[in-house]
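Peer 1: Any chance you can model this:
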Amino acid sequence: MELTPEGFAACGACDVDGDGQYAACVALESQNAQLTTPGDVY
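Peer 2: Below is the predicted model:
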């Protein structure tokens, strides 16, 4: 998480299926979390 002039930005990543590819998302104070990797990465 980091503070920005508009509030905050939070990033998250996980590898639910254990294949070595991490799914990542970013959320801003003014915006819900958005997936930043392809939808087939778990």
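Peer 1: I figured L35 hits Y22, correct?
Peer 2: No - L35 is beyond contact range of Y22, at 11.6 Å (criterion: CB atoms under 8 Å). Any C-beta I mention is one placed from the backbone N, CA and C, and that applies to glycine too.
Peer 1: Ends of stretch 15-33, what's the gap?
Peer 2: This stretch, stretch 15-33, spans 17 Å end to end (CA to CA, to the nearest Å).
Peer 1: buried stuff in that stretch?
Peer 2: A23 (16 or more other CB atoms under 10 Å).
Peer 1: So which residues of this protein form strands?
Peer 2: 2-4, 7-14, 23-28, 31-35 (DSSP state E).
Peer 1: Of all these, which one is nearest V41?
Peer 2: strand 23-28 (4.6 Å; CB to CB).
Peer 1: What strands flank the closest one, and is each parallel or antiparallel?
Peer 2: strand 7-14 (antiparallel), strand 31-35 (antiparallel) (DSSP bridges).
Peer 1: Save these as JSON lines, and put in distance to M1 too.
Peer 2: Listed next are the strands paired with strand 23-28 as JSON lines, based on distance: least, CB to CB, whole Å:
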{"stretch": "strand 7-14", "distance to M1": "5"}
{"stretch": "strand 31-35", "distance to M1": "12"}
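Peer 1: how close does G7 sit to S30?
Peer 2: Distance, G7 to S30, using CB to CB, to the nearest Å: 7 Å.
Peer 1: For C25, list the residues it contacts.
Peer 2: 11-13, 33-36 (CB atoms under 8 Å, 6 or more residues apart in numbering).
Peer 1: which of those residues are buried?
Peer 2: Looks like the contacts of C25 have none buried, using 16+ other CB under 10 Å.
Peer 1: Specify the beta-bridge partners of the spatially most central residue of the chain.
Peer 2: The centroid of the chain falls nearest to C25 when counting by CA atoms, centre = their mean (1.4 Å). In this entry, C25 is beta-bridged to G12, L35, by DSSP bridges.
Peer 1: Just checking: what are the partner strands of the helix or strand of the chain with the lowest mean pLDDT?
Peer 2: Within the chain, no helix or strand scores below strand 2-4, which has a mean of 91 by mean pLDDT, DSSP states H and E. Strand 2-4 pairs in its sheet with strand 7-14 (antiparallel), by DSSP bridges.
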